[in-house]
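> predicted model, plus sequence, below.
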Amino acid sequence: MKKLNLSTLFLLIFSISLSGLCQQIPENIKTELAGYETQISNYKAQNNKQLELEYLNKAAFLCWNNQLFSNAINYFEKALEINKSLSNTNGLLLTYNYLGMIYNETDKYQKALENFKSGLSISRNSKNKSGIISSFINISQTYQLDKNYDESNKAAQEGIILSKELNDIKSLRTFYGVIAENYQKMGNSEKSIEYFDLFASLDKYLKNQEIKDIKDQSESEVNKAQSEKNKTEKELIIQTDKLKITSDSLAVVEELSRVQKMQLELKESQIKAQEAQLKFERLLRSILIYGFIAILIIATLLLFLYRKIKSQKFQIEDQRDKLDLQNKKINSSIQYAQNIQQAILPLENNIGKYFDHFIIYKPKDIVSGDFYWYTELDNRVYLASVDCTGHGVPGAFMSMIGSRLLNEIVIEKEITDPAKILALLNSKIIEALRQNETENADGMDVCLICFEDIRKKNKMIFTGAKRPLIVYRNQTSTIEEIKGDRLSIGGSKNENRDAKFTNNQIDLNDGDMLFLSSDGITDQNNPERKRYGSQRLNDLIIKIVQDPLIQQKESIESDLKNFQQNAEQRDDITLIGIKIKY
């Protein structure tokens, strides 16, 4: 076969690969792809499959990251053929998984399943149990996206068996979460709660490990000191026993001497009586001398042991005082963090300038992973309810990051479009937490509303990140739930990095009410592990919506308390209600 000139080959490949995309691919991406194509062509001509494979993967990831999905699939399929020719088991497994992920992003779930199942077959043949678990996670989640909940549960159950065998707690948590969501969408609340509790217990276990390790280390130091104390006490007992034996031996010697003296007195004459008396006196002096020495040794030993025990006691007390001080500092810091968090929340007087409203805000711990946010910009008014990953101190850190970034985006940069606000918040969270470089997967769910002209309250924009907006229609006395996008803010490395959100234009009438919330109230369970649920909340709103707003707040709090009884609060709770008045 006649060889092509290198530059001619490059132009041919470049023109074929980019001719259909020149109107769609940005110029900087075209330039970078052209460089990759040159390297691919060079290494292919040299029959250097390893380097050809490397640049095919680079080109695929470049296209994938810029949502050029068909181009990414083309590059990955070429890489797949090279991996097959090289019998590269690990490369085949990774490539099948990448293809499955891309097909999931483009809603081609059957194609995704074909690739994930191919990866599962490879892991089984190579007896790679961790790879098998990962494949079952991908398969169960894909079936869930395709709304095939039975098959999703089946794959998850197989993964649970293997995860238990490997004691893989993180994978077990993922499978339980998938099954809980499947049963919820199938309408089986009992099963959903059962698996959600399994998920929650493992999630709580994993997050408590760091705290447990710190506690175990402190207890270990205390136990070590106690062990040293016990060892010293045992040594003292042993020394005391030895001294007792010595004293007993001296007593025995004394008794024998007396017996001998009596025998000598019986056998010997009065002449040797004086000698016997002298011997007795010498023996007595020796006993007194040795006894004094023994007492001196015992006293010295006891003094040494006393000082050592006293020193160890001081060390233990010092360690205890340090732990108490550390605990007080931690509690003081958390209390101070609560003051800071309260300070970043908007003043209700500011919200009350334009709306009759009520706010239910109940942190699970001292500080909260929920927060609400409000600002005015010209005639625009923004209000948001935000649910961050976790609760307590970790959730509070996330809430402060989220509040600061919202102020930066809207107030400083004057980004006014709600969908663009959430898109920029998403990218900034990923950047701030370095989620493209670390295992961090924290994020937040947001319900954001915007009145573009507060003087006209009949029109509003809603944008949601995995949180809905509840609208009560006064004219029809009905509840309308407007769902947000199926995307969280942050929490992923690549798939949500360039997420785009949707603006929902909503017409409002006098007397309508809007409800923004986190999932804390609807996910709260009672002692029988039954969830409060969205339906109960909606029914209660319809029942009390004509009451004054302060009475509505009291009715919701009272109903939640009666439902919860003595069950522990599971999550932070936020619910904001505002009434539309022209």
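Yes, it's here.

> so residue 438 lies in a strand, does it not?
No - under the criterion used here (DSSP: H, G, I helix; E, B strand; the rest coil), residue 438 is coil, not part of a strand.

> tell me the pLDDT of it.
Looking at residue 438, its pLDDT reads 83.

> how many neighbours does it have?
9 (other CB atoms under 10 Å). Glycine gets a C-beta too; all of them are placed from N, C-alpha and C.

> residue 83 touches residue 95, doesn't it?
Yes - taking contacts as CB atoms under 8 Å, residue 83 lies within contact range of residue 95: 6.0 Å.

> ok, these two, which is more surrounded?
When residue 83 and residue 95 are compared for neighbours, residue 95 comes out ahead with 28 against 22, by other CB under 10 Å.

> contact partners for that one?
Neighbour list for residue 95: 76, 79-80, 83 [criterion: CB atoms under 8 Å, 6 or more residues apart in numbering].

> which two among these are spaced furthest apart?
With CB to CB as the measure, no two of these lie farther apart than 76 and 83, at 10.0 Å.

> tell me how far residue 358 lies from residue 373.
Separation of residue 358 from residue 373 (CB to CB, to the nearest Å): 17 Å.

> do the same with residue 380
14 Å.

> between these two, which one's more packed in?
residue 373 (20 against 17).

> who's in contact with the more buried one?
346, 382-384, 386, 402-403, 406.

> ok so it is a strand residue?
Yes - per three-state DSSP, residue 373 lies within a strand segment.

> okay, and the nearest residue to it once chain neighbours are set aside sits in which element?
In space, and not counting its chain neighbours, residue 373 is closest to residue 384: 4.5 Å by CB to CB, 6 or more residues apart in numbering. Per DSSP states H and E, residue 384 falls inside strand 380-388.

> how far out from the middle of the chain is that strand?
Taking CA atoms, centre = their mean, to the nearest Å, one finds strand 380-388 lying 24 Å from the centre of the chain it belongs to.

> walk me through which strands it pairs with, and which way each runs.
Strands that pair with strand 380-388, judged by DSSP bridges, come out as strand 370-377 (antiparallel), strand 443-451 (antiparallel).

> which one of the ones you listed lies nearest to residue 138?
strand 443-451 (20.4 Å).

> related to what we said a few turns ago, export the strand holding residue 384 to CSV, keeping only CA atoms.
Provided in CSV are the C-alpha atoms of strand 380-388 (Å, rounded to 0.1, in the frame of the first residue of the first chain):
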residue,chain,number,x,y,z
ARG,A,380,-35.4,42.9,41.8
VAL,A,381,-36.0,40.8,44.8
TYR,A,382,-34.4,37.3,45.3
LEU,A,383,-35.3,34.7,48.0
ALA,A,384,-33.8,31.2,48.3
SER,A,385,-34.0,28.2,50.6
VAL,A,386,-30.8,26.1,50.5
ASP,A,387,-30.1,22.6,51.8
CYS,A,388,-26.4,21.8,52.1
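
> next SSE downstream of it?
Using DSSP H and E, the first helix or strand after strand 380-388 is helix 392-407.

> just put the contacts of residue 373 in CSV and tack on neighbour count, distance to residue 477 and pLDDT.
Output for the contacts of residue 373, formatted as CSV (neighbours: other CB atoms under 10 Å; distance: CB to CB, whole Å; pLDDT from 0 to 100):
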residue, neighbour count, distance to residue 477, pLDDT
346, 16, 31, 92
382, 20, 29, 97
383, 23, 24, 97
384, 29, 27, 97
386, 26, 30, 96
402, 27, 35, 93
403, 20, 36, 93
406, 25, 34, 96
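
> which among those residues gets closest to residue 89?
Distances from residue 89 to the contacts of residue 373, taken by CB to CB, are shortest for residue 402, at 42.8 Å.

> the closest one against residue 429, yeah?
Yes - at 7.4 Å, residue 402 counts as touching residue 429 under the criterion of CB under 8 Å.

> okay, and the common contacts of those two?
444, 489.

> mind giving me the domain ranges of the chain?
Domains of the chain are assigned by automatic domain parsing as 6-211, 218-340, 348-579.

> lowest average pLDDT across these?
When I compare those, domain 218-340 is least confident, with a mean of 71.

> quickly find the element holding the residue positioned nearest the centre of the chain.
In the chain, the residue lying closest to the centroid (CA atoms, centre = their mean) is residue 207, at 5.8 Å. Per DSSP H and E, residue 207 falls inside helix 189-267.

> next helix or strand past whichever helix or strand residue 295 is part of?
Assignment of secondary structure by DSSP H and E places residue 295 within helix 273-344. Following helix 273-344 in sequence order, the next helix or strand is helix 348-352 (DSSP H and E).

> elements contacting that following helix?
Judged by 3 or more CB pairs under 8 Å, 6 or more residues apart in numbering; DSSP states H and E, the packing partners of helix 348-352 are strand 356-362, strand 370-377.

> okay, the residue nearest to residue 510 when sequence neighbours are not counted: pLDDT?
Among residues not flanking residue 510 along the chain, residue 582 sits closest, at 4.8 Å (CB to CB, 6+ apart). The model reports residue 582 with a pLDDT of 79.

> isn't residue 582 up against residue 458?
Yes - counting by CB under 8 Å, residue 582 touches residue 458, with 7.1 Å between them.

> settle it for me: which of those two has more neighbours?
Taking neighbours as other CB under 10 Å, residue 582 and residue 458 compare with residue 458 leading, 14 against 9.

> list the contacts for that one?
So residue 458 contacts 507-509, 580, 582 (CB under 8 Å, 6+ apart).

> adding distance to residue 47 as columns, could you present those residues in CSV?
Listed next are those as CSV, based on distance: CB to CB, whole Å:
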residue, distance to residue 47
507, 66
508, 68
509, 72
580, 71
582, 76
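
> and the residues you listed as TSV, adding secondary structure and distance to residue 322?
Formatted as TSV, the contacts of residue 458 follow (DSSP: H, G, I helix; E, B strand; the rest coil; distance: CB to CB, whole Å):
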residue	secondary structure	distance to residue 322
507	strand	63
508	coil	59
509	coil	63
580	coil	57
582	coil	63
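
> are any of those buried, and which?
When the contacts of residue 458 are checked for burial by 16 or more other CB atoms under 10 Å, the buried set is 508, 580.

> so which of the contacts of residue 458 is the closest to residue 515?
Of these, the one sitting nearest to residue 515 (CB to CB) turns out to be residue 580, at 12.1 Å.

> make sure that closest one is actually in contact with residue 507.
No - at 10.6 Å, residue 580 does not count as touching residue 507 under the criterion of CB under 8 Å.

> count of residues packed around residue 456?
For residue 456, using other CB under 10 Å, the count is 12.

> show me what contacts it?
By CB under 8 Å, 6+ apart, residue 456 has no neighbours at all.

> that one and residue 201, how far apart?
50 Å.

> likewise residue 449?
On the measure of CB to CB, residue 449 and residue 201 end up 35 Å apart.

> those two - which one has more neighbours?
It is residue 449, of residue 449 and residue 201, that has more neighbours when counted by other CB under 10 Å, with 22 against 12.

> you'd agree that one is up against residue 374?
No - contact criterion CB under 8 Å: residue 449 and residue 374 do not qualify, at 10.3 Å.

> what's the overlap in contacts for those two?
382-384.

> pick the one among these closest to residue 295.
residue 384 (82.2 Å).

> beta partners for the closest one?
residue 373, residue 448.

> that one touches residue 406, doesn't it?
Yes - using CB under 8 Å, residue 384 is in contact with residue 406, at 7.1 Å.

> now residue 397: how far from residue 404?
For residue 397, the distance to residue 404 - CB to CB - is 11 Å.

> more crowded one of the two?
For the pair residue 397 and residue 404, the greater number of neighbours falls to residue 397 (17 against 13), based on other CB under 10 Å.
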